[in-house]
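Asks: Pasted the sequence and its predicted model underneath.
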Amino acid sequence: MKGPLGTVLIVDDEEAMRHSLGLILKKHGYHIVTASDGKIALAVMKEEPVDFVLLDIRMPKMEGLETLQETIKMGIEAPIIMMTAYGTIDQAVQAMKSGAFDYISKPFKPDEILLALERASEHEQLRRDNIELRRQVRGILTMDEIVTKNEQMIGILESIRKISSFKTTVLISGESGTGKELVARQIHKISERANGPFVAINCAAIPASLLESELFGYKAGAFTDAKSDKTGLIEASQKGTLFLDEVGELPSQLQVKLLRALQEEEVLRLGDTRPKKVDLRIITATARDLEQEVAKGTFREDLFYRLNVFPIKIPPLRERPEDIEPLVDHFIQKFTRRMNIKIKGIRPKALVSLMEYKWPGNVRELENTIERAIVLTETEYLEYENLPEKIRETKPCFTVDASSLSIKQHVTSLEKEMIIRALKATKGNRTRAAKLLEISTRTLLYKIAEYKIEE
């Protein structure tokens with residue numbers, strides 16, 4: 001959404017129409033993209049996300065109805081408003097039956113097209129609200145890219161809402177891939193600093209010799225290669241948020257300088273004599289245990305307490321298996337939109353394998369796994385065979401008693417174990433557990449009673 005009200009793709013073979021419509025909509029806060037025919041429009045939608053489409057019915061090369069059908073096949077969810085000339089009303093009605101949101105007759109007044117877009121915007125918001133409501137009914141909470149059913153994660157999201165409006169320094173800890181930067185970006189996004197910059201730097205990715213100049217900047221002549229002044233990232237975060245990832249990697253001399261910058265709210269460039277006042281919020285993240293680093297003497301105690309005003313600890317994915325299914329749904333939607341392909345979901349056998357895996361790379365590894373599976377699948381579902389070999393080879397939690405050769409006994413033990421795991425994965429939701437197990441809810445209830453499974 002590049003404009004305040006969103007991006008509109010105008011598809012019309014008449015240049016004058018594209019130009020005049022573009023002027024009207026730009027004036028009212030829309031970002032405009034144009035295409036002179038249907039084929040160009042489809043190419044545009046593959047490259048750039050659009051929020052609304054104004055599509056002429058009569059065009060050379062590819063008619064509006066054919067363009068509409070191809071757009072729907074691509075999975076584009078943007079509302080499409082057909083533009084009709086005299087004598088094409090029947091085609092417009094047919095277009096609405098095929099999936100168009102509305103139509104408007106040429107020539108039209110500016111207020112008519114603005115009203116049509118406003119209705120489309122309200123409809124789209126209602127659709128998103130319904131999706132979110134369905135998620136909430138299933139116990140899923142979303143905040144942009146953060147999707148969770150886990151009670152600890154839900155508590156973290158509630159904390160984010162509470163602290164976002166304050167300048168409080170936040171220290172986010174958690175294993176690599178758990179989403180520390182996502183949490184930091186969300187704090188910034190819903191804060192009063194949202195219109196300011198969000199500047200992120202990974203302290204472990206920059207050599208210690210360069211890190212000071214990157215953070216604090218320098219004056220021309222401060223050292224041999226300093227040909228001109230350089231603004232440091234702390235100064236560049238003015239009125240916004242500075243995110244220091246892997247802050248535990250900061251060299252000791254920079255820890256002292258960062259502490260002073262935080263306490264005095266000013267920054268001194270290398271080679272400068274006058275510090276500059278800065279107004280920013282600092283959020284830090286680490287995969288290390290900073291308290292242990294303090295005890296070992298590798299991290300300053302005073303800086304630790306200055307950064308650890310509001311700590312957030314993100315649990316690893318293996319400790320929240322109930323999040324795997326909603327995260328899989330989220331990533332399927334994300335990548336199918338990006339790749340313009342249609343995937344209906346994931347096969348139960350594949351989903352169970354994902355739930356069994358320990359995810360050393362956490363959410364990032366799961367995201368990469370789903371993207372890979374989408375690229376590999378040749379059906380409308382992600383199949384077990386599309387998963388990496390290391391996930392398919394994950395050993396199940398149950399074991400076989402070698403002292404008994406009774407097939408019936410082992411089948412019973414396996415069945416009971418699978419039911420327990422399905423109920424655990426769905427947090428006791430019997431309907432969804434039955435779906436995972438590929439049995440009816442009635443059968444599941446019977447099995448729970450038969451095996452005396454306590455929930």
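Replies: Arrived safely, thanks for sending.

Asks: Identify the residue spatially nearest to the spatially most central residue of the chain, adjacent ones excluded.
Replies: Taking C-alpha atoms, centre = their mean, the centroid of the chain lies closest to residue 145, which sits 2.5 Å from it. Leaving out its chain neighbours, the residue that sits closest to residue 145 by C-beta to C-beta, 6 or more residues apart in numbering is residue 182, at 5.3 Å. For glycine as for every other residue, the C-beta is placed from the backbone atoms N, C-alpha and C.

Asks: name the helices or strands packed onto the helix or strand that contains the one you found?
Replies: Element membership of residue 182, judged by DSSP states H and E, is helix 180-189. Under the contact criterion of 3 or more C-beta pairs under 8 Å, 6 or more residues apart in numbering; DSSP states H and E, helix 180-189 touches strand 146-148, helix 151-163, strand 170-173, strand 198-202, strand 241-245, strand 281-286.

Asks: mind listing what's buried in the fourth one?
Replies: Burial within strand 198-202, assessed by neighbour count using 16 or more other C-beta atoms under 10 Å, is assigned to 198-201.

Asks: cool, the longest one as well?
Replies: Along helix 151-163, the positions that meet the burial threshold by neighbour count (16+ other C-beta under 10 Å) are 153, 156, 159-160, 163.

Asks: Select the helix or strand of this protein having the lowest average pLDDT value.
Replies: Lowest mean confidence among the helices and strands of the chain (mean pLDDT, DSSP states H and E): strand 141-143, at a mean of 70.

Asks: hang on, the earlier thing: can you tell me which of the buried residues of helix 151-163 is nearest residue 445?
Replies: Taking C-beta to C-beta as the measure, residue 445 sits nearest to residue 153 out of these, at 29.7 Å.

Asks: give the contact list for the nearest residue to the closest one once chain neighbours are set aside.
Replies: Once flanking residues are discounted, residue 153 sits nearest to residue 320: 6.5 Å by C-beta to C-beta, 6+ apart. Residue 320 sits next to 148-150, 152-153 when contact means C-beta atoms under 8 Å, 6 or more residues apart in numbering.

Asks: Model confidence at residue 320, what's the number?
Replies: Per-residue pLDDT puts residue 320 at 88.

Asks: what do you get for residue 135?
Replies: The per-residue pLDDT reported for residue 135 equals 54.

Asks: List just the nearest of the contacts of residue 320 to residue 438.
Replies: Using C-beta to C-beta, these come closest to residue 438 at residue 149, 21.5 Å.

Asks: ok, the residue nearest to the centre of the chain - contacts?
Replies: The contact partners of residue 145, taken as C-beta under 8 Å, 6+ apart, are 179, 182, 330.

Asks: Looking at the residues you listed, state which has the most neighbours.
Replies: Among these, residue 179 has the most neighbours (other C-beta atoms under 10 Å), with 23 neighbours.

Asks: Not including adjacent chain positions, what is the nearest residue to that one?
Replies: residue 363 (5.3 Å).

Asks: so that neighbour makes contact with residue 181?
Replies: No - if you go by C-beta atoms under 8 Å, residue 363 and residue 181 don't touch, sitting 11.3 Å apart.

Asks: and the two? which has more neighbours close in?
Replies: The residue with more neighbours, out of residue 363 and residue 181, is residue 363; 25 against 17, by other C-beta under 10 Å.

Asks: The more buried one belongs to a helix?
Replies: Yes - under the criterion used here (DSSP: H, G, I helix; E, B strand; the rest coil), residue 363 sits inside a helix.

Asks: Tell me how far it lies from residue 226.
Replies: 40 Å (C-beta to C-beta, to the nearest Å).

Asks: which stretches of the stretch 101-250 of the chain have low pLDDT?
Replies: Low-confidence segments of the stretch 101-250 of the chain (pLDDT under 70): 129-141, 221-222.

Asks: hmm, 90 instead?
Replies: For the stretch 101-250 of the chain, the stretches flagged by pLDDT under 90 are 101-113, 116, 119-152, 154-155, 157-168, 190-195, 206-214, 216-232.

Asks: Distance check, the residue nearest to residue 179 against residue 111.
Replies: Residue 363 is 46 Å from residue 111, where distance means C-beta to C-beta.

Asks: before we move on, back to that, next, the residue nearest to residue 153: phi, psi?
Replies: The phi/psi pair for residue 320 (degrees, to the nearest 10) reads phi -140, psi 60.

Asks: What sits closest to residue 190 if chain neighbours are left out?
Replies: Excluding the flanking residues, the one nearest residue 190 by C-beta to C-beta, 6+ apart is residue 164, at 4.6 Å.

Asks: surely that neighbour meets residue 187?
Replies: Yes - between residue 164 and residue 187 there is a contact at 5.4 Å, judged by C-beta under 8 Å.

Asks: Of the two, which one has the most company?
Replies: The neighbour comparison of residue 164 against residue 187 (other C-beta under 10 Å) goes to residue 187, with 27 against 19.

Asks: how near is the more buried one to residue 242?
Replies: 12 Å.

Asks: Give the intersection of the neighbour lists for these two.
Replies: Common neighbours of residue 187 and residue 242, using C-beta under 8 Å, 6+ apart, are residue 283.

Asks: for stretch 159-175, the distance to its chain's centre please.
Replies: Stretch 159-175 has its C-alpha centroid displaced from the chain centroid by 19 Å (C-alpha atoms, centre = their mean, to the nearest Å).

Asks: So what does the closest residue to residue 12 other than its chain neighbours look like in phi/psi?
Replies: Take residue 12 and drop its neighbours on the chain: the residue closest to it by C-beta to C-beta, 6+ apart is residue 56, 4.2 Å away. When read as degrees, to the nearest 10, the backbone of residue 56 gives phi -70, psi 140.

Asks: Quick check, pLDDT for residue 56.
Replies: At residue 56, the pLDDT value in this model is 90.

Asks: Does the spatially closest residue to residue 152 that is not a sequence neighbour belong to a helix, a strand or coil?
Replies: Nearest non-adjacent residue to residue 152, counting by C-beta to C-beta, 6+ apart: residue 315, 5.4 Å away. Per three-state DSSP, the local secondary structure of residue 315 is coil.

Asks: Enumerate every residue touching residue 315.
Replies: By C-beta under 8 Å, 6+ apart, residue 315 lies in contact with 150, 152-153, 174, 178.

Asks: Burial check on the spatially closest residue to residue 104 that is not a sequence neighbour, number of neighbours?
Replies: Among residues not flanking residue 104 along the chain, residue 116 sits closest, at 5.3 Å (C-beta to C-beta, 6+ apart). Other residues within reach of residue 116 by the criterion other C-beta under 10 Å amount to 20.

Asks: I figured residue 116 was touching residue 100, is that so?
Replies: No - Residue 116 is beyond contact range of residue 100, at 11.3 Å (criterion: C-beta under 8 Å).

Asks: Thanks a lot, catch you later.
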